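**Q** Predicted coordinates and the sequence they were generated for:
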Amino acid sequence: MKFFFPFSILYGFVTDIRNYFYDKGFWKETTFNIPIINVGNLTVGGTGKTPHVEYLIRLLKHKYSIATLSRGYGRNTNGFIVADSKATAQSIGDEPFQLYQKFGEEIMVTVGEKRVEALTKIFSHNTDIEIVVLDDAFQHRAVKPLLNILLMDYSRPIYDDFCFPAGRLRERRQGAMRANVMIISKCPADISHEKQKNINYRLQTYLKQSTRIFFTKILYGKPINCRTNECEINLKKVLLISGIANPKPFEEYARKHFEVINHIIFNDHHNFTEKDFSVINSSKVPVLMTEKDMVKFQPFLADDLLKGVALYYLPIEIDFLNTEMKLEFDNLILSQVFLDV
């Protein structure tokens, strides 16, 4: 790692200059009349942005008309796209497609690399939109959101990390100063109050005094059959497959609740191939995957190489560590949006 430190210093210097130009107004930050909530991170992947976006959708969709905007990482298209019945994980990206499958009849799901241009098109396409939730745009300084929600993985605190390539930070730790809300994600359910206080204390150096800090955990549901969408309560021996940034929590949970014969780990946003299906088919045991990977399997469920394979996925949601924290977060979001709508 020491070899990479000079490059990390250079990388951090470059991002500092970029942020300076935005902070001083040399480069334009575009604001919109419609409230925009951004969910992002300082690290490269793996903090649980999508389940947190889903939480915000569930919180807001009964009161407001919502659109989501993602870059659509890993898709085989480009430009601005509004998800419709023809959308696939390949055409809009796995995470946006996951959002569309869950909420497509209730909200507007969009993708677009150029966020300012995409937001302009969202508002012209649907004049009823009242809130936009941005997925992974913390470093996209061209848009100035109403709220910046910054996620930090409990197991990868930013105060112990470094800029790429020596570490996993996309910019220096001080970039967290732009956050209005900080969420420590993927916490153990039994995290002590003292541990929470210690994390709060160590983060203060990098946050505004007004930034609120919350702690969330992952809630796994029962396995769902990928073909029938029915819940399976008797699943025992499984082969795990995952193509996510941080598969460790998924594996830890699975090993506590199932007999795991193996875990095949693919790169984040991996597009599955016939070669992968052959390996999966040879295992002769049910396959358990992440919800994010499930959406990429759907076009291939009738494939000959998968016909004899039982395929399941684990649905996930996030929740706050206690009811008081959840109410505080909900009230914070709703009050900010209400004032701005």
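**A** Received it, and whenever you're ready, just let me know what you need. Numbering: from 1, shown residues only.
**Q** For this protein, just list every one of the strands.
**A** 36-41, 66-70, 81-82, 108-111, 131-135, 147-153, 181-185, 212-220, 224-225, 237-242, 259-265, 287-290, 311-314, 316-320 (DSSP state E).
**Q** which residues are contacting the last one?
**A** Think strand 316-320. 48, 51-52, 54-55, 185, 214-221, 290-291, 326, 329 (C-beta atoms under 8 Å, 6 or more residues apart in numbering). No exception for glycine: its C-beta is placed from N, CA and C like everyone else's.
**Q** what about that strand, distance to the chain center?
**A** Relative to the chain's own centre, strand 316-320 is displaced by 12 Å; criterion: C-alpha atoms, centre = their mean, to the nearest Å.
**Q** re earlier: turn the strands of the chain into a markdown table, columns for mean neighbour count, distance to residue 163 and mean pLDDT.
**A** Below are the strands of the chain laid out as a markdown table (neighbours: other C-beta atoms under 10 Å; distance: least, C-beta to C-beta, whole Å; pLDDT from 0 to 100):
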| stretch | mean neighbour count | distance to residue 163 | mean pLDDT |
| --- | --- | --- | --- |
| strand 36-41 | 25 | 14 | 97 |
| strand 66-70 | 25 | 24 | 98 |
| strand 81-82 | 19 | 32 | 97 |
| strand 108-111 | 25 | 28 | 98 |
| strand 131-135 | 24 | 23 | 97 |
| strand 147-153 | 24 | 15 | 97 |
| strand 181-185 | 23 | 19 | 98 |
| strand 212-220 | 18 | 23 | 97 |
| strand 224-225 | 16 | 39 | 96 |
| strand 237-242 | 21 | 27 | 95 |
| strand 259-265 | 14 | 25 | 95 |
| strand 287-290 | 23 | 28 | 95 |
| strand 311-314 | 22 | 33 | 96 |
| strand 316-320 | 18 | 27 | 96 |
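**Q** Export those strands as JSON lines, with columns for distance to residue 169.
**A** Below are these laid out as JSON lines (distance: least, C-beta to C-beta, whole Å):
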{"stretch": "strand 36-41", "distance to residue 169": "9"}
{"stretch": "strand 66-70", "distance to residue 169": "21"}
{"stretch": "strand 81-82", "distance to residue 169": "30"}
{"stretch": "strand 108-111", "distance to residue 169": "25"}
{"stretch": "strand 131-135", "distance to residue 169": "19"}
{"stretch": "strand 147-153", "distance to residue 169": "11"}
{"stretch": "strand 181-185", "distance to residue 169": "15"}
{"stretch": "strand 212-220", "distance to residue 169": "19"}
{"stretch": "strand 224-225", "distance to residue 169": "35"}
{"stretch": "strand 237-242", "distance to residue 169": "23"}
{"stretch": "strand 259-265", "distance to residue 169": "23"}
{"stretch": "strand 287-290", "distance to residue 169": "24"}
{"stretch": "strand 311-314", "distance to residue 169": "29"}
{"stretch": "strand 316-320", "distance to residue 169": "22"}
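**Q** tell me the contacts of residue 172?
**A** 12, 15, 16, 163 are the contacts of residue 172 under C-beta under 8 Å, 6+ apart.
**Q** wait, residue 163
**A** 8, 9, 11, 12, 15, 169, 170, 171, 172.
**Q** Name the nearest residue to the fifth one, ignoring sequence neighbours.
**A** What that stands for is residue 15. residue 171 (4.0 Å; C-beta to C-beta, 6 or more residues apart in numbering).
**Q** Help me confirm that that neighbour comes into contact with residue 14.
**A** No. The criterion here is C-beta atoms under 8 Å, and residue 171 misses it with residue 14 at 9.2 Å.
**Q** Having no further points to raise, I will conclude here.
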